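Visitor: A predicted structure for the sequence below; I have some questions about it.
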Amino acid sequence: QVQLQESGPGLVKPSQMLSLTCAVSGGSITAGYYGWSWIRQPPGKGLEWMGAITYDGNIYYNPSLNSRASISRDTAKNQSSLQLSSVTPGDTAVYYCAREHYGGMDYWGKGTLVTVPS
């Protein structure tokens with residue numbers, strides 16, 4: 001059973017950088033042919049796919065983030081990480097990591113709420 005667990009600060013000040021980690025257990029992040037996505041959901045809004053890193057290290061981003069997002073991985077720790085720069089209150093959301101397989105997300109973390117105060 002694959003499990004994903006997001007972690008990081010729950011409060012980030014405006015203009016600072018948001019940093020989150022997704023710890024994966026029960027499966028390797030280098031195992032083919034999976035992708036490891038970051039997805040967020042602002043309060044009262046829908047899900048937004050932010051980006052992903054594939055099993056072989058390719059990285060993709062949602063262009064709407066205007067190059068503020070950076071995704072990386074630590075294969076030794078079996079973790080994926082997300083950094084989002086220059087945050088604003090509009091970045092307040094529950095942030096999820098999820099495993100992608102053939103275009104669909106089959107495992108999700110529980111999510112972590114990140115608040116950017118105004």
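Guide: Looks like it came in fine. Numbers count the residues shown, from 1 in each chain.
Visitor: contacts and neighbour counts: CA atoms only from here.
Guide: Will do.
Visitor: Next up, the contacts around A76.
Guide: Listed by C-alpha atoms under 8 Å, 6 or more residues apart in numbering, A76 has no contact partners.
Visitor: which SSE is it in?
Guide: Under DSSP states H and E, no helix or strand contains A76.
Visitor: What distance do you get for it to W49?
Guide: 25 Å (C-alpha to C-alpha, to the nearest Å).
Visitor: Same question for K13.
Guide: 23 Å.
Visitor: Which parts of this structure are helices?
Guide: For the chain, helices defined by DSSP state H do not occur.
Visitor: Any idea how far apart the tips of stretch 69-84 sit?
Guide: End-to-end distance of stretch 69-84 (C-alpha to C-alpha): 4 Å.
Visitor: Stretch 61-69 spans what distance, first to last residue?
Guide: Start-to-end span of stretch 61-69 (C-alpha to C-alpha) is 7 Å.
Visitor: sorry, that was for stretch 55-62
Guide: Stretch 55-62: ends 18 Å apart by C-alpha to C-alpha.
Visitor: do stretch 101-118 as well
Guide: 37 Å.
Visitor: which other residues reach that stretch?
Guide: Under C-alpha under 8 Å, 6+ apart, the answer for stretch 101-118 is 2-14, 33-35, 87-100.
Visitor: buried stuff in it?
Guide: 107-109, 111-116 (16 or more other C-alpha atoms under 10 Å).
Visitor: Now distance to N58 too, for those, in JSON lines please.
Guide: Listed next are the buried residues of stretch 101-118 as JSON lines, based on distance: C-alpha to C-alpha, whole Å:
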{"residue": "Y107", "distance to N58": "20"}
{"residue": "W108", "distance to N58": "20"}
{"residue": "G109", "distance to N58": "21"}
{"residue": "G111", "distance to N58": "23"}
{"residue": "T112", "distance to N58": "25"}
{"residue": "L113", "distance to N58": "27"}
{"residue": "V114", "distance to N58": "26"}
{"residue": "T115", "distance to N58": "29"}
{"residue": "V116", "distance to N58": "29"}
